[in-house]
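J.: Sharing a sequence plus its predicted fold:
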Amino acid sequence: MLLDAAREAAAEAVGCRPDELVFTSSGTRAVHTGIAGALSGRGRVGRHLIVSAVEHSSVLHAAELHESAGGTVTQIAVDRTGLVEPSAYAAALRADTALACLQSANHEVGTEQPVAAVAEACRAAGVPLLVDAAQSLGWGPVAGDWSLLTASAHKWGGPSGVGLLVVRKGVRFAPQGPVDERESGRAPGFENIPAIVAAAASLRAVRAEAAQEAPRLRELTERIRVRVPQAVPDVEVVGDPVRRLPGVVTFSCLYVDGEALLHELDREGFSVSSGSSCTSSTLTPSHVLRAMGVLSEGNVRVSLPAGTAEEEVERFLTVLPGAVAAVREKLGAPVATQAAREEDVLVVDSLGKRCPIPVIELAKVIDDVPVGGLVRVLSDDEAARLDIPAWCEMRGQEYVGEEPADRGTGYLVRRVS
């Protein structure tokens with residue numbers, strides 16, 4: 001009875017029939033189960049999968065597995081705000097397309113996707129659309145004629161370890177692995193009833209407050225978006241300025257180590273996240289920031305949960321400039337900037353140095369070349385491939401391109417002004 005009541009409450013929030021919804025052990029499990037089941041169920045149609053370049057890693061990992069097993073994957077690019085074009089999805093649909101996937105809103109930059117328009121294109125082609133609604137479901141139902149939907153309870157403030165998967169009636173779906181009697185065979189194992197009940201109750205609670213809380217948080221995040229560039233020089237605010245989640249705002253700071261900035265803010269009592277390569281064990285930029293082509297160094301993602309006080313936002317805006325300045329001061333000038341002229345090109349050797357040092361060294365020497373002159377930055381840091389073009393766009397310089405080098409890669413920049 002408790003399980004059925006929770007299912008009905010969750011289905012009401014999603015906007016689906018209770019018998020279309022099952023609970024899983026996590027949002028990631030819901031994604032993996034949904035993608036695998038839909039691809040298998042439509043195996044006779046073909047093995048072509050469409051995803052966007054900024055999907056959650058759970059979707060991209062499922063796509064990689066599908067491709068390694070002989071399937072084909074088309075990845076849809078996004079613009080600098082992280083937005084996909086519905087026409088790009090429509091153009092990617094083929095006769096052998098088994099499934100398309102699109103998140104409702106991005107987990108790193110908050111950009112909301114045009115799900116309804118993409119769903120319409122998919123429906124016209126007879127292709128099911130799976131929507132990862134983890135980030136947005138707490139704020140409202142997902143619009144559009146989608147076919148499958150996944151979400152995770154901890155994203156709306158519920159307990160971790162509970163996800164949900166919705167498969168609309170009429171969608172061909174074949175659960176993978178040994179079939180279990182529970183949850184229509186789509187979520188094997190005994191259900192965690194207390195966590196499921198708590199997840200459904202929390203979803204109902206946050207949705208009851210969403211209409212009032214969303215405008216308030218939008219005002220606070222907009223305050224951050226406007227005032228951070230005013231208070232901190234050399235900052236790029238990323239994500240769509242209008243089509244965005246109420247409580248997420250992301251920006252990147254030039255000449256800043258992302259992890260060091262997170263530590264500075266932590267000392268002041270602020271828990272924020274980062275998509276900067278400096279916080280990754282692989283020292284590679286966030287795939288979302290890479291796909292958008294925006295600055296990755298010194299990246300900060302601020303998430304405002306429901307109930308966030310205006311005073312805390314004001315304190316964050318007061319503390320941030322000093323934290324950024326402290327990190328920049330600690331980094332300072334490189335210990336040994338190796339710059340030499342190679343014919344008419346100023347060469348900056350940043351080999352072995354990690355972000356943001358290559359960009360700092362570029363900034364320090366750009367004025368040493370005449371207008372129209374070239375700077376060649378040598379770097380073996382993967383983040384430089386993203387950050388140097390982003391720096392050029394922010395500073396009004398021309399990014400010429402990259403070229404192979406004996407070690408690392410050479411990035412050519414032409415001084416415009």
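T.: The structure has been received and is ready for your questions. Residues are numbered from 1 along each chain as shown.
J.: so what's the residue nearest the centre of the chain up against?
T.: Most central in the chain under C-alpha atoms, centre = their mean is E108, positioned 3.7 Å from the mean C-alpha point. By C-beta atoms under 8 Å, 6 or more residues apart in numbering, E108 lies in contact with V54, T250, G275, S286, V288, L289, R301. For the C-beta atoms, the positions are set from N, CA and C on the backbone; glycine is no exception.
J.: between those, which is nearest A200?
T.: Closest approach between the contacts of E108 and A200, by C-beta to C-beta: R301, at 27.9 Å.
J.: What are the neighbouring residues in contact with E213?
T.: E213 is in contact with P246, A306, G307, counting by C-beta under 8 Å, 6+ apart.
J.: okay, who's weakest in those residues by pLDDT?
T.: Note: of these, the lowest pLDDT belongs to A306, at 87.
J.: I'd like to know how many residues surround it.
T.: Residues near A306, counting by other C-beta atoms under 10 Å, number 19.
J.: Give me the secondary structure label for it.
T.: A306 falls in the coil class when you classify it by DSSP: H, G, I helix; E, B strand; the rest coil.
J.: Check the gap between the nearest residue to it once chain neighbours are set aside and A323 for me.
T.: Distances taken as C-beta to C-beta, 6 or more residues apart in numbering put E213 closest to A306, at 5.0 Å, once the chain neighbours are dropped. Using C-beta to C-beta, to the nearest Å, E213 is found at 28 Å from A323.
J.: what do you get for L83?
T.: From L83 to A323 the distance is 30 Å (C-beta to C-beta).
J.: same thing with K155?
T.: K155 is 27 Å from A323, by C-beta to C-beta.
J.: Please identify which of these two sits among more neighbours.
T.: Legend: neighbour count by other C-beta under 10 Å for K155 and A323, higher for A323 (24 against 17).
J.: The more buried one contacts L265, doesn't it?
T.: Yes. Contact criterion C-beta atoms under 8 Å: A323 and L265 qualify, at 5.5 Å.
J.: Show me where the stretch 1-150 of the chain has its helices.
T.: 2-14, 27-41, 57-68, 86-92, 115-125 (DSSP state H, counting those that start in this stretch).
J.: Format those as a markdown table; extra columns: mean neighbour count, distance to S136 and mean pLDDT.
T.: Output for those, formatted as a markdown table (neighbours: other C-beta atoms under 10 Å; distance: least, C-beta to C-beta, whole Å; pLDDT from 0 to 100):
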| stretch | mean neighbour count | distance to S136 | mean pLDDT |
| --- | --- | --- | --- |
| helix 2-14 | 18 | 11 | 96 |
| helix 27-41 | 24 | 13 | 96 |
| helix 57-68 | 17 | 15 | 97 |
| helix 86-92 | 17 | 17 | 97 |
| helix 115-125 | 19 | 9 | 98 |
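J.: Figure out which of the ones you listed is closest to V327.
T.: Using C-beta to C-beta, the nearest of the helices of the stretch 1-150 of the chain to V327 is helix 57-68, at 27.2 Å.
J.: So which other helices or strands are in contact with that closest one?
T.: With contacts taken as 3 or more C-beta pairs under 8 Å, 6 or more residues apart in numbering; DSSP states H and E, helix 57-68 sits against helix 27-41, strand 48-52, strand 72-76, strand 97-103.
J.: Go again with 7 Å.
T.: For helix 57-68, the elements it packs on are helix 27-41, strand 48-52, strand 72-76, judged by 3 or more C-beta pairs under 7 Å, 6 or more residues apart in numbering; DSSP states H and E.
J.: want to throw those into CSV with distance to P128?
T.: Shown next, in CSV, are these (distance: least, C-beta to C-beta, whole Å):
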stretch, distance to P128
helix 27-41, 6
strand 48-52, 11
strand 72-76, 15
